[in-house]
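Novice: show me the folded form of this:
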Amino acid sequence: MAKLRHIAMVVEDMEKTAKFYEQSFGMQRVRQSETSIGLSDGYMSLVIIDPSNINMKGETRRGLHHVGFLIDDMEQIAGTVEANGAVYHGEILGSGRGPMTERKYLDPSGHMFDITTPEHARNTWRIPVEAT
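Specialist: Reported below is the predicted structural model:
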């Protein structure tokens with residue numbers, strides 16, 4: 001069964017936004033790069049993305065960017081979402097992990113989501129993931 005595990009947003013001021021969520025809700029910074037900050041409450045992650053991030057691919061929208069689901073079996077779930085109308089939209093660029101651990105899709109309404117294996121969640125989101 002898939003579980004919602006992260007939400008990503010695109011903002012103009014990453015640091016200001018990250019500090020708001022840290023100070024207001026006690027979220028912890030678990031990773032940071034020049035173009036993204038990952039926060040976590042130990043279970044869910046909030047990824048704050050700068051518009052210059054390579055994965056934005058020239059997008060201009062701001063606000064909610066995508067949701068991410070933790071899954072057990074990449075091939076099974078990929079087949080299921082595609083059979084239900086999702087369209088493959090790529091992977092995280094520059095991650096070096098490839099489509100075996102994380103894939104992005106567009107749902108039938110054009111909204112982006114990703115499916116991610118426990119390996120990717122542990123290594124990228126820096127949250128504990130129980131073996132299934």
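Novice: centroid residue for the protein?
Specialist: residue 68 (4.9 Å; CA atoms, centre = their mean).
Novice: and that one, which helix or strand is it part of?
Specialist: strand 63-70 (DSSP states H and E).
Novice: pretty sure the residue nearest to the centre of the chain sits against residue 8.
Specialist: Yes: between residue 68 and residue 8 there is a contact under CB atoms under 8 Å: 7.2 Å. All C-beta spots, glycine's among them, are computed from the backbone N, C-alpha and C.
Novice: in the longest helix along the chain, what's buried?
Specialist: The helix spanning the most residues in the chain, taking DSSP state H as the definition, is helix 14-25. Neighbour-count burial for helix 14-25, counted by 16 or more other CB atoms under 10 Å, picks out 14, 17-18, 21.
Novice: mind giving me CSV with those residues and columns for distance to residue 72 and pLDDT?
Specialist: Formatted as CSV, these follow (distance: CB to CB, whole Å; pLDDT from 0 to 100):
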residue, distance to residue 72, pLDDT
14, 32, 92
17, 32, 88
18, 30, 92
21, 29, 86
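Novice: would you turn those into CSV with distance to residue 106?
Specialist: Formatted as CSV, the buried residues of helix 14-25 follow (distance: CB to CB, whole Å):
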residue, distance to residue 106
14, 25
17, 25
18, 27
21, 27
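Novice: which one among the residues you listed gets closest to residue 44?
Specialist: residue 21 (11.3 Å; CB to CB).
Novice: which stretches in the protein count as helices?
Specialist: Using DSSP H, helices in the chain cover 14-25, 74-83, 118-120.
Novice: how near is residue 11 to residue 105?
Specialist: Noted for residue 11: a distance of 23 Å to residue 105, by CB to CB, to the nearest Å.
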